[in-house]
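Colleague: just to be clear, the model below is a prediction. Sequence and coordinates:
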Amino acid sequence: MDELMEMLYDHEEQTFLDSPTKDSAAPRLPASLQFHAGPESLSTEQQEARLDLWRSGRSDRVATGKTRLLGAALPATLLSVVCDRYVSQPRLTMVFQGCEAADWREVDGLTFGMVVKSIVPTQGFATALTDEFEELPLISREREVHWRNVGEDVEIELSPDSFRPQKAWSIDHDELVVVARDPRAQGVQVTWSLTEEGSDDVTEGKIFVTTADAIDALELVQRTITRP
């Protein structure tokens, strides 16, 4: 996925420069991934200024685009907890090792402009591209669920009012997507720790969570991004 995102951004830059040649070193995308036309006519100075500005934020935008794509294309990760006793005011922290997470998004047609920041508006389409990348709505998260990417891992903290014996607790709505960084992984190690109200004890453990079948990144883009 990282390599494909870099290819998409390389393609955006090459399209902007409007200088495709047989000897070009920039990666060529399949026709199915070429989503919009070249840039409007600009002076050399304007092109350089726009390109410099776009390049300065490229790495952050690549990361943003990747998380949007993962969050829109993949099903949400189901989190469910079953205890053998009543636990009041629990705080359950889980660390998914070797993983990354993204906000799950219910997007009715993810566009190219939501994933790849346009360098310059194009006729009849680019204004929407720019607005979509910069103004995509924020996600409203469940107050009982907090997560973050920490280094090469994902840390998820659950803090519901209680866990009840032999009754599964789960998130009320789709929250996040957790993805193994190694596409060849058959599963990931998850360590967990639990604290509760009125006790200084910390209960710890680990589990092994199997992963779903790997999905080709190109296929993911082709089936998710809406063509204009």
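Modeller: Now that the structure is in, tell me what you want to look at.

Colleague: grab the most central residue of the protein for me.
Modeller: Residue closest to the average C-alpha location in the chain (CA atoms, centre = their mean): Thr67, at 1.6 Å.

Colleague: tell me the confidence at that residue?
Modeller: pLDDT for Thr67: 90.

Colleague: contact partners of the strand or helix carrying it?
Modeller: Element membership of Thr67, judged by DSSP states H and E, is helix 58-73. Outside helix 58-73, the residues that touch it by CB atoms under 8 Å, 6 or more residues apart in numbering are 1-2, 5-6, 8-9, 102-105, 107, 110, 114-117, 133, 136, 176-177, 179, 220-221, 223-225. Backbone N, C-alpha and C define where each C-beta goes, glycine included.

Colleague: how about 6 Å then?
Modeller: Applying CB atoms under 6 Å, 6 or more residues apart in numbering, the external contacts of helix 58-73 come out as 5, 9, 102-105, 107, 110, 114-117, 177, 220, 224.

Colleague: so which of these are in helices?
Modeller: Among those, the ones falling in helices (DSSP state H) are Met5, Tyr9, Met114, Val115, Leu220, Thr224.

Colleague: hang on, Cys99 packs against Val154?
Modeller: Yes - if you go by CB atoms under 6 Å, Cys99 and Val154 touch, sitting 4.6 Å apart.

Colleague: mutual contacts of the two, please.
Modeller: Each of Val178 lies in contact with both Cys99 and Val154 under the rule CB under 6 Å, 6+ apart.

Colleague: for Thr195, see how far away Val202 is.
Modeller: Relative to Thr195, Val202 is positioned 6 Å away (CB to CB, to the nearest Å).
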